[in-house]
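K.L.:
would you be able to build a 3D model of this:
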Amino acid sequence: MRSTRIAPLVAFSAVAALVPALTPAVASAAAPTPLRTVAADPLKRYTQQTPRWQRCDAEAPADFQCATLKVPLDYSKPGGRTLDVAVSRIKATDPEKRRGVLLLNPGGPGGPGLDMPLYMTSELPAEVKERYDLIGFDPRGIGQSSPVSCGLNDDERNWQRPYKAATFEKDVRWARTVADKCRTRNGDVLRHLTTRNTARDMDVVRAALGEKKISYLGYSYGTYLGAVYTQMFPKRADRFVLDSAVDPQRIWRGMIQMWAEGAEPAFKRWTEWTAERHTTYGLGDTPAKVGKTYWDLVARADRDPIDFQGTPLTGDDIRAGRAMFFDVKGAAEAIAELKKAAEGTTVPAPSRQSTQTRPVPTSFARAVPSDNSDAAFWSVVCADTRAWPRDPEQYRRDAIRDKARYPLYGDFASNIMPCAFWKNGAEPATKVNNSVGALILQNEWDSQTPLPSGQGLRRAMKGARMVTVLGGQGHGIYGSKSCADKTATAYLTTGRLPASDVTCTATPAQAQNRLDLPVPAPRGLPVPQDRF
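P.N.:
Now for the predicted structure:
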């Protein structure tokens, strides 16, 4: 997921963007050139598919093409049930310089990526587009790729639930209900909606496109997907850029808890920055006073919700906006407006312009369930790993402990989740530990994958190099005119990694840049959205 400039503390609901309709069938090559020489290859029917490319949408550019591939639901039973995987492409602009394909993933889990080539044409430099076919795809279970649904209503989709003794049993019932509804709707499919299987699907795409290797640009959750691919298919990974990285040692409860851990130093930085600008924001002339202003607003809203631009906000609603503090200016503006509202000053509601700025074609899109992003999110984070605690009381203990450790968000992050009642995925979690070459990009102040998360992926991928953007704010780097862009472009075009890890410093203008790759978020989350 990528976040936009911080907006006011108003909760909102986002649903998956519609994407183009695709060819419903796949043709087999009349005389395919074997991509594998092993006799009776069980995956031959998938790896030797020939995509039937067609224009994605009558209103989209003619060079934006889509197709559908078939993949096995269960790779251990390739003759069984199949799923669709929707794929898109925009061909390299210079056939003489073409190197291969660049697969793209925007994050999630639950984020559709079919329109990524269309969006990234305006973000990637010309020398990258000359060399690569840009390949988008909706991961299994998402968007146009056999989308899952759990039939969740708005309240069930809201998973920002702070721990309170009085409501804990209700939260346990909520978590159990979500797990039960997903299992009832999808049955055995859920066990196979995993990052490992999506990586296998990527390899089917590689083979169907006739490529020996793939290059890759993945954001946020897409970094974990890319890392898993390098672990499973190291000889088929060419040039991999992993932007705003997930620590593979902390999937997935640990990554949610990292939001709470990372929010505390971000909050401290914000109080220092804002105190220096007391004449502008009026929130306090020392860091301690700025912090007190914030916590006084939280306490005030807990006693009597603050009417903020037509929305009553409780103290928990305010704390749920912990991600704002990674953008110091945006947070100062938002808290100053909240303070005015608490004092009775009328604050006009902002225009409700959508953050979905990607030019998404929709004319022939097939309907996607409204809860698809949420259903896919839980499917992946619950099935990927067996590390989720099963005892609700452990969640209670952890939430109480972490609220004391991390007052902004600790109880949110450690409270009960549907994964406590989820059946195990088909396989254990992938241990990422390899020497495959890759480039990791990481902002110092990233709300969704904090700096220690990127450092964790760097430790796991010993052949990688990491670019750390000091002072860099926001979730997502490449394409936002960051000081890391030059290194990433050089790697994609020449294959040369830096000799060692690199640190560069964001200018004030670069720190405010945002590359908006919107990913659906559950109801009740302040901007930016809390996804990977």
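
K.L.:
please make it C-alpha for all contacts and neighbour counts, starting now.
P.N.:
Fine.

K.L.:
what stretches of the stretch 251-400 of the chain score poorly on pLDDT?
P.N.:
Where the stretch 251-400 of the chain drops to pLDDT under 70, the residues are 346-365.

K.L.:
just the helices in it please.
P.N.:
Taking DSSP state H, counting those that start in this stretch as the criterion, the stretch 251-400 of the chain carries its helices at 253-275, 278-281, 287-303, 315-319, 328-342, 372-383, 392-405.

K.L.:
may I see these organised as a markdown table, with distance to T230 and mean neighbour count added?
P.N.:
Shown next, in a markdown table, are the helices of the stretch 251-400 of the chain (distance: least, Cα to Cα, whole Å; neighbours: other Cα atoms under 10 Å):
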| stretch | distance to T230 | mean neighbour count |
| --- | --- | --- |
| helix 253-275 | 21 | 21 |
| helix 278-281 | 47 | 14 |
| helix 287-303 | 44 | 17 |
| helix 315-319 | 37 | 21 |
| helix 328-342 | 36 | 20 |
| helix 372-383 | 19 | 26 |
| helix 392-405 | 33 | 18 |
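
K.L.:
out of those helices, the one nearest D188 is which?
P.N.:
helix 372-383 (11.3 Å; Cα to Cα).

K.L.:
show residues contacting that closest one.
P.N.:
With Cα atoms under 8 Å, 6 or more residues apart in numbering as the test, helix 372-383 has contacts from 15-16, 108-111, 141-143, 147-150, 157, 182, 190-195, 251-252, 388, 418-419, 422-426, 520-522.

K.L.:
among these, name the ones in helices.
P.N.:
157, 182, 195 (DSSP state H).

K.L.:
closest to G344 out of these?
P.N.:
Scanning the ones in helices among the contacts of helix 372-383 for proximity to G344, where the rule is Cα to Cα, the winner is R157, at 32.2 Å.

K.L.:
I figured that closest one hits S370, correct?
P.N.:
No - R157 is beyond contact range of S370, at 10.2 Å (criterion: Cα atoms under 8 Å).

K.L.:
the two: which has the busier surroundings?
P.N.:
Between R157 and S370, R157 has the larger neighbour count (other Cα atoms under 10 Å), namely 21 against 18.

K.L.:
closest one to M202 among the helices of the stretch 251-400 of the chain?
P.N.:
helix 372-383 (15.9 Å).

K.L.:
and that closest one, how far from the chain's centre?
P.N.:
Here helix 372-383 is found 12 Å from its chain centre; the criterion is Cα atoms, centre = their mean, to the nearest Å.

K.L.:
dump it to PDB, restricted to CA.
P.N.:
The C-alpha trace of helix 372-383 is given here as PDB (Å, rounded to 0.1, in the frame of the first residue of the first chain):
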ATOM      1  CA  ASN A 372     -12.900  -8.600  -1.600                       C
ATOM      2  CA  SER A 373      -9.900  -6.600  -0.300                       C
ATOM      3  CA  ASP A 374     -10.700  -7.500   3.300                       C
ATOM      4  CA  ALA A 375     -11.400 -11.200   2.500                       C
ATOM      5  CA  ALA A 376      -8.100 -11.500   0.600                       C
ATOM      6  CA  PHE A 377      -6.200  -9.600   3.300                       C
ATOM      7  CA  TRP A 378      -7.300 -12.000   6.000                       C
ATOM      8  CA  SER A 379      -6.900 -15.000   3.800                       C
ATOM      9  CA  VAL A 380      -3.200 -14.300   3.100                       C
ATOM     10  CA  VAL A 381      -2.100 -13.000   6.500                       C
ATOM     11  CA  CYS A 382      -3.900 -15.900   8.300                       C
ATOM     12  CA  ALA A 383      -2.800 -18.700   6.000                       C
END
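
K.L.:
just the angle between it and helix 253-275, please?
P.N.:
Orientation check (axes from the mean of the first three to the mean of the last three Cα atoms, to 10 degrees): helix 372-383 against helix 253-275 gives 120 degrees.

K.L.:
for the stretch 51-200 of the chain, which segments count as strands?
P.N.:
Assigned by DSSP state E, counting those that start in this stretch, the strands in the stretch 51-200 of the chain fall at 54-55, 65-72, 82-90, 100-105, 132-137.

K.L.:
centre of the chain to the third one, how far?
P.N.:
Right, strand 82-90. Averaging C-alpha positions (Cα atoms, centre = their mean) puts strand 82-90 19 Å from its chain's average.

K.L.:
what of the first one?
P.N.:
Counting by Cα atoms, centre = their mean, strand 54-55 is centred 28 Å from the centre of its parent chain.

K.L.:
sorry, back to before: export the strands of the stretch 51-200 of the chain to a markdown table and tack on distance to G315?
P.N.:
Rendered in a markdown table, the data for these read as follows (distance: least, Cα to Cα, whole Å):
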| stretch | distance to G315 |
| --- | --- |
| strand 54-55 | 49 |
| strand 65-72 | 46 |
| strand 82-90 | 42 |
| strand 100-105 | 35 |
| strand 132-137 | 40 |
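
K.L.:
of those strands, which is nearest R303?
P.N.:
Nearest to R303, of all the strands of the stretch 51-200 of the chain, is strand 100-105, at 43.1 Å by Cα to Cα.

K.L.:
pairing partners for the closest one, with directions?
P.N.:
strand 132-137 (parallel), strand 214-219 (parallel) (DSSP bridges).

K.L.:
only alpha carbons, please: show the last one as PDB.
P.N.:
What that stands for is strand 214-219. Extracted C-alpha coordinates of strand 214-219, given in PDB (Å, rounded to 0.1, in the frame of the first residue of the first chain):
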ATOM      1  CA  ILE A 214      11.600 -12.100 -14.500                       C
ATOM      2  CA  SER A 215      12.400  -8.700 -13.100                       C
ATOM      3  CA  TYR A 216      10.200  -7.300 -10.500                       C
ATOM      4  CA  LEU A 217       9.100  -4.100  -8.700                       C
ATOM      5  CA  GLY A 218       7.100  -4.700  -5.600                       C
ATOM      6  CA  TYR A 219       5.900  -2.200  -3.000                       C
END
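
K.L.:
who touches the next helix or strand after it?
P.N.:
On the C-terminal side of strand 214-219, the closest following helix or strand by DSSP states H and E is helix 221-232. With contacts defined as Cα under 8 Å, 6+ apart, helix 221-232 is touched by 1, 105-109, 195-196, 198-200, 216, 218, 236-237, 240, 242-248, 430-434, 436, 461, 532.

K.L.:
now do helix 221-232, average pLDDT.
P.N.:
For helix 221-232, mean pLDDT is 98.

K.L.:
please export the C-alpha coordinates of it as PDB.
P.N.:
As requested, the backbone C-alpha atoms of helix 221-232 are provided in PDB (Å, rounded to 0.1, in the frame of the first residue of the first chain):
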ATOM      1  CA  TYR A 221       3.500  -6.400   0.900                       C
ATOM      2  CA  GLY A 222       4.900  -6.800  -2.600                       C
ATOM      3  CA  THR A 223       8.400  -6.800  -1.100                       C
ATOM      4  CA  TYR A 224       7.500 -10.000   0.800                       C
ATOM      5  CA  LEU A 225       6.000 -11.500  -2.300                       C
ATOM      6  CA  GLY A 226       9.200 -10.700  -4.200                       C
ATOM      7  CA  ALA A 227      11.400 -12.000  -1.400                       C
ATOM      8  CA  VAL A 228       9.400 -15.300  -1.300                       C
ATOM      9  CA  TYR A 229       9.800 -15.600  -5.100                       C
ATOM     10  CA  THR A 230      13.600 -15.200  -4.800                       C
ATOM     11  CA  GLN A 231      13.600 -17.900  -2.100                       C
ATOM     12  CA  MET A 232      11.600 -20.400  -4.100                       C
END
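
K.L.:
fine, thanks again, bye for now.
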